[in-house]
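Q: Predicted model, plus sequence, below.
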Amino acid sequence: MQVFTSVIVLAIFFMAYIFTDIRDYKERKVKSVTSLAHVIGINSVSTILFEDNEAAKDILAGLKNVAPEIVRADILDKHNNFFAGYLRPGAANPDTLLIKYLKEPVFKDTLLFVGDNIMNNDELIGRVSLVVELSELSALKKSKSEMAAILLIAALCISFLIALAVQPYISKRLLYLVNAIKRVGQTGNYDIPIIDNGKDEISVLVRTFNNLMKEVNESQQRKDEFIGIASHELKTPLTSIKGYLDLLNVMEDKEPNKQCVQKALESTHKLEKLIKDLLDVSKIQSGQLQLNISRFNMVELLDETIAAIQMVARTHSITREDDHEDQMISADKEKIEQVLINLLSNAVKYSAPESKVIVSSKNNGTELVIKIRDYGIGVPEDELNQIFGRFYRTKNSSVHISGLGLGLYICRDIILRHKGRIWAEKETKGSSFYFALPVGVYAEM
């Protein structure tokens, strides 16, 4: 930006310099040619009075040696009729109408048209018109432009060297601030102060950023505390409500009363899941989410989870396409099942009825990769890296689809705690969600 600004400023000054020089040249040329026309006019007074055309032509012919840059010269009488004229040999005839009705100096292409009145005792008796070739103007423009270009290139190089010299003080500090902001956006960790001991505007920006991050971090902590407390407080009465509804469901056998109880139970289950997600988020934020590692068969867990989801998602077809029978892995079985349930539930939730969901697994030697492919509304390309954020919901999400945007956030944390990877890819129709777990012995982070 420094180099660009310097070049723009210098280019403006060079253009102003060239324009001023050309303007001065034109003004000098007009004065010089006007003076010559005035001299010719004085010498031509007698020729006009005595109507001596030959003498007037001889005066004009002398211009060939005195001013070879003159293309054409004319003497007109007081009625604006041509009295005598001269045309430089080999030259093209200029605009006759412009010569005849010329009132003030005119620049046209590479020619200058100048006229001057011929006076005799304060009486207008004629006019002299000269057409001058401005060959010097083209040479002047070329030389000035070349000089300006050379100076501009030199200034560009010098500005670039100066910019390189000051970059460590300005650019690197700004880039460091930008990278810090990116880290905050990627990690969600607002407690990352930036140290800068300068006293300029960048330092003010850094201090403002630090204060803002401090306020955001405090607000985030208060929000997390509220979520944790609210979730725990809601869990106890919800358990009682669910118990009473279960009892009522057993006791009630008349319709539509039983149907109402079952609908209430379904809503209770949804509320229970939301509270569980909020509790998991609270544990994640406080670092209290623990893993109970055990050795289990991943293929069996896939089949069990698919069967459980298929029972409640009868409008969708969930199938496993690989033929593996044993895929032993060390992980927290309950947490991995939670990840599978979240991903499969999302695949069903964001797909139209009668859609299919395909589950597959692949062992590449170091990782066991699980893929869940759906044919739903899909995830936009620019949101693939954002959907695993806390409380984030895609722009394509319908307002009628319930959720707080916590499921994928919890899935990501669980997989990362297993030293694994989780990501999503956009498909032609729908999307694919992947997570990979280490096949070797699990080492606690």
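A: Good, I have the coordinates.

Q: where does the stretch 301-445 of the chain dip in pLDDT?
A: For the stretch 301-445 of the chain, applying pLDDT under 70 flags the ranges 323, 395-404, 440-445.

Q: Could I get the full set of strands for it?
A: 317-320, 328-331, 356-363, 367-374, 421-426, 431-438 (DSSP state E, counting those that start in this stretch).

Q: Out of those, flag the one nearest Ala84.
A: strand 421-426 (86.3 Å; C-beta to C-beta). All C-beta spots, glycine's among them, are computed from the backbone N, C-alpha and C.

Q: what's the angle from the closest one to strand 431-438?
A: 160 degrees (axes from the mean of the first three to the mean of the last three C-alpha atoms, to 10 degrees).

Q: From the centre of the protein, point out the most distant residue.
A: Phe50 (80.3 Å; C-alpha atoms, centre = their mean).

Q: Which residues are in contact with Leu111?
A: 71, 94, 131-134 (C-beta atoms under 8 Å, 6 or more residues apart in numbering).

Q: Could you give the bridge partners of it?
A: Lys108, Glu133 (DSSP bridges).

Q: would you turn the strands of the stretch 301-445 of the chain into a markdown table with distance to Val206 and mean neighbour count?
A: Below are these laid out as a markdown table (distance: least, C-beta to C-beta, whole Å; neighbours: other C-beta atoms under 10 Å):
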| stretch | distance to Val206 | mean neighbour count |
| --- | --- | --- |
| strand 317-320 | 51 | 14 |
| strand 328-331 | 42 | 19 |
| strand 356-363 | 46 | 17 |
| strand 367-374 | 40 | 21 |
| strand 421-426 | 33 | 16 |
| strand 431-438 | 38 | 21 |
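
Q: Quick one: closest of those to Ser32.
A: Going by C-beta to C-beta, the one of the strands of the stretch 301-445 of the chain nearest Ser32 is strand 421-426, 74.8 Å.

Q: Does anything pack onto that closest one? Which helices or strands?
A: When contacts are defined as 3 or more C-beta pairs under 8 Å, 6 or more residues apart in numbering; DSSP states H and E, strand 421-426 sits against helix 407-417, strand 431-438.

Q: hang on, the earlier thing: put together JSON lines for the strands of the stretch 301-445 of the chain, with distance to Gln259 on each row.
A: Converted to JSON lines, those look like this (distance: least, C-beta to C-beta, whole Å):
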{"stretch": "strand 317-320", "distance to Gln259": "27"}
{"stretch": "strand 328-331", "distance to Gln259": "40"}
{"stretch": "strand 356-363", "distance to Gln259": "29"}
{"stretch": "strand 367-374", "distance to Gln259": "31"}
{"stretch": "strand 421-426", "distance to Gln259": "38"}
{"stretch": "strand 431-438", "distance to Gln259": "35"}
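
Q: Nearest to Phe113, out of these?
A: Using C-beta to C-beta, the strands of the stretch 301-445 of the chain put strand 421-426 closest to Phe113, at 69.9 Å.

Q: Just the CA atoms of that closest one, as CSV, please.
A: The C-alpha coordinates for strand 421-426 follow below in CSV (Å, rounded to 0.1, in the frame of the first residue of the first chain):
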residue,chain,number,x,y,z
ARG,A,421,-10.4,-36.0,13.0
ILE,A,422,-13.8,-35.0,11.9
TRP,A,423,-14.9,-33.1,8.8
ALA,A,424,-17.7,-32.7,6.2
GLU,A,425,-17.7,-32.6,2.4
LYS,A,426,-20.3,-31.3,0.0
